[in-house]
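S.K.: Sequence first, then the predicted structure, then my questions.
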Amino acid sequence: MISDHRNAREIREATRRSYKRNPKILADIDKRILPVKAGPILLPAVRFDAARTNRVLIKIARGLVCHHTGRKLPQQVKTEVFLDPQISDQLHDWIRGLPFRNRWGTRFSYVGMMAQDEADVGCWFLVFYVSKVFVVSFGTEAEPTVPAS
């Protein structure tokens with residue numbers, strides 16, 4: 001195993017069981033593997049469909065909002081998804097220090113918040129396998145400003 005992360009073996013076993021149960025997942029991943037050079041070593045990396053991933057992340061965050069607040073967000077709420085590299089180092093460190101609601105061990109954890117003064121505004125940090133952090137934000141579209149005539 002290449003990783004020396006303390007949870008690497010548990011994560012590897014969990015994903016291996018998933019592949020055995022659904023071989024289509026592994027076949028799909030095999031199609032998207034490409035070589036990446038890390039110094040003198042060539043390692044496999046997986047390309048992913050960002051649009052598909054974003055749709056899933058938004059559904060997860062919407063479900064968490066409903067679970068914690070008891071209400072569904074309107075479909076027209078502005079939604080944005082950010083992947084870990086787009087997050088500043090300072091914010092990244094802050095996220096790692098938060099007490100995640102750790103519902104599924106090392107596989108998935110999250111922390112989220114909704115604004116108290118605007119019901120449809122909020123932000124959710126989703127962490128997969130301890131290593132991939134995504135941020136899903138909900139907000140209202142700013143009303144276009146029309147100059148006074």
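M.R.: That came through, no problem.

S.K.: And stretch 28-45, end to end?
M.R.: Chord length of stretch 28-45, first to last residue, is 13 Å (C-alpha to C-alpha, to the nearest Å).

S.K.: ok, now stretch 74-82?
M.R.: Stretch 74-82 end-to-end distance (C-alpha to C-alpha) = 21 Å.

S.K.: avg pLDDT for that stretch?
M.R.: For stretch 74-82, mean pLDDT is 92.

S.K.: after the helix or strand of the chain with the lowest mean pLDDT comes which helix or strand?
M.R.: In the chain, no helix or strand scores lower on mean pLDDT, DSSP states H and E than strand 101-104, which sits at a mean of 60. Scanning forward in sequence from strand 101-104 by DSSP states H and E, the next helix or strand is strand 108-114.

S.K.: centre of the chain versus that following strand, how much separation?
M.R.: How far strand 108-114 lies from its chain's middle: 10 Å, per C-alpha atoms, centre = their mean, to the nearest Å.

S.K.: Over to stretch 32-40?
M.R.: Centre-to-centre, stretch 32-40 and its host chain are 23 Å apart (C-alpha atoms, centre = their mean).

S.K.: who's in contact with it?
M.R.: 42-48 (C-beta atoms under 8 Å, 6 or more residues apart in numbering). For the C-beta atoms, the positions are set from N, CA and C on the backbone; glycine is no exception.

S.K.: Sitting in helices, which of those residues do you find?
M.R.: Of these, none are assigned to helices by DSSP state H.

S.K.: how is this protein carved up into domains?
M.R.: 8-46, 50-139 (automatic domain parsing).
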